[in-house]
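Student: Need the 3D shape of this:
(one chain, ligands or ions: 1)
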Amino acid sequence: MTNLSMFSLEGKTALVTGANTGLGQGICVAYAQAGANVIGVARRSCQETADKIAVFGGKFKEIIADLSDTSVIPHIVEEAEKAYGRVDILVNNAGIIKRCDAADVTEADWDAVININEKMVFFLCQTFAKKWLADNKGGKIINIASMLSYQGGIRVPAYTSSKSAILGLTRELANEWAAHNINVNAIAPGYMETNNTQNLRSDEHRSEEILSRIPAGRWGTPEDIAGAAIFLASDAASYVHGFTLAVDGGWLAR
Ligand code: NAD
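Tutor: The predicted model follows:
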């Protein structure tokens, strides 16, 4: 008989970036339900996330930090370890998107997207993996990719670059760290109902175009990625390395 406790996160500590809303909030709630101590990092208060977790008596601590600059990393690590000790699971979820014709993208907007969606992801991975390599107890990293890790998209050149980089980086880091029991994987969400897609959803034409192409016939929700996020963070995924799992209502199969 399969031992379902392999999916439990009981006794583990997970740090999730971008925890105040959207997919990050969904992942925090799911991890707390699976038994983890959850640390949510965000620019703004995570009170809503904390309230959702308090309903069932889960454990949650917020750390306020602006993830556009790597100089915040030592503060995040210190606060996280002060709260729950060793961090076992890192979810790089925080991300931004700036929609603009490629011909008009400014260097400032390019840097803003790349700094949060790509550079910060690498340096957070490096920070926690160094600790895990030193104590030899392994760890799990889940990066949040996108359909634009596979496709070109339109009017989002920096975002597509960053999310395509996440797919490659996830493979690269897995190659370096798999032998040390560090699992580096990613989730590529499809079109989900969050702030990230607010503009798309309020554009009647684009919204209809997208919806009609999703085999599942609906936009995804933060709850839809809970199962994949728990699986990749759990012992059940210990031999899964360098893979980007699409949770997309069938978008990529089309
Ligand atoms: P969202 O805009 O609701 O959430 C983005 C999160 O990132 C927020 O918690 C925000 O506070 C955080 N964040 C942004 N800039 C930050 C900064 N400088 N410092 C700290 N935190 C910062 O959107 P979402 O859809 O929940 O996005 C979560 C992740 O999922 C992103 O990486 C996004 O690219 C990715 N994604 C979303 C979709 C979708 O359809 N919604 C699809 C594919 C990928």
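
Student: make it CA atoms for all contacts and neighbour counts henceforth
Tutor: OK.

Student: which parts of the stretch 51-200 of the chain sit against the ligand?
Tutor: Near the ligand, the residues belonging to the stretch 51-200 of the chain are 65-68, 93-96, 144-146, 189-197 when assessed by CA under 6 Å from any ligand atom.

Student: Drop anything exposed from those.
Tutor: Restricting these to buried positions leaves 65-68, 93-96, 144-146, 189-194, 196, with burial counted as 16 or more other CA atoms under 10 Å.

Student: So Ala246, which state does it fall into?
Tutor: Under the three-state scheme (DSSP: H, G, I helix; E, B strand; the rest coil), the conformation of Ala246 reads as strand.

Student: what residues are up against it?
Tutor: For Ala246, the contacting residues are 147, 187-190, 252, taking CA atoms under 8 Å, 6 or more residues apart in numbering as the criterion.

Student: Now the two most distant members of these.
Tutor: Greatest spacing in those, by CA to CA: Ile187 and Leu252 (13.1 Å).

Student: neighbour count winner among those two?
Tutor: Set side by side, Ile187 and Leu252 give different neighbour counts by other CA atoms under 10 Å, the larger being at Ile187 (24 against 15).

Student: For that one, what are phi and psi?
Tutor: Torsion angles at Ile187 (phi, psi; degrees, to the nearest 10) stand at phi -120, psi 130.

Student: what's the closest non-adjacent residue to it?
Tutor: Beyond its immediate neighbours in the sequence, the residue positioned closest to Ile187 (CA to CA, 6 or more residues apart in numbering) is Leu245, lying 4.7 Å away.

Student: what residues are up against the one you found?
Tutor: Contacts were defined as CA under 8 Å, 6+ apart; by that measure Leu245 touches 185-188, 228.

Student: Likewise for Thr221?
Tutor: Applying CA under 8 Å, 6+ apart, we find Thr221 in contact with 23, 192-194.

Student: Where does pLDDT dip in this protein?
Tutor: Applying pLDDT under 70 to the chain flags residues 1.

Student: in it, which spans are helices?
Tutor: 22-33, 47-54, 73-84, 107-114, 120-135, 157-177, 198-202, 204-213, 226-233 (DSSP state H).

Student: What helices and strands are in contact with the shortest one?
Tutor: Using 3 or more CA pairs under 8 Å, 6 or more residues apart in numbering; DSSP states H and E as the contact definition, the elements that helix 198-202 packs against are helix 204-213.

Student: Point out the other helices and strands that the helix it packs on packs with.
Tutor: Under the contact definition 3+ CA pairs under 8 Å, 6+ apart, helix 204-213 sits against helix 198-202.

Student: residue closest to the middle of this protein?
Tutor: Among the residues of the chain, the one closest to the centroid is Asn93, at 2.7 Å (CA atoms, centre = their mean).

Student: Please name the residues that touch that one.
Tutor: 16-18, 23-24, 143-144.

Student: Take the residues you listed and keep only those in strands.
Tutor: Using DSSP state E, the members of these that fall in strands are 16-17, 143-144.

Student: Which of those sits closest to the ligand?
Tutor: Nearest to the ligand out of these is Ile144 (CA to the nearest ligand atom; 5.4 Å).

Student: Report the contact partners of that closest one.
Tutor: Counting by CA under 8 Å, 6+ apart, Ile144 makes contact with 91-93, 166, 186-189.

Student: what about 10 Å?
Tutor: The contact partners of Ile144, taken as CA atoms under 10 Å, 6 or more residues apart in numbering, are 23-24, 91-95, 117, 121, 163, 166-167, 170, 185-189, 229, 244-245.
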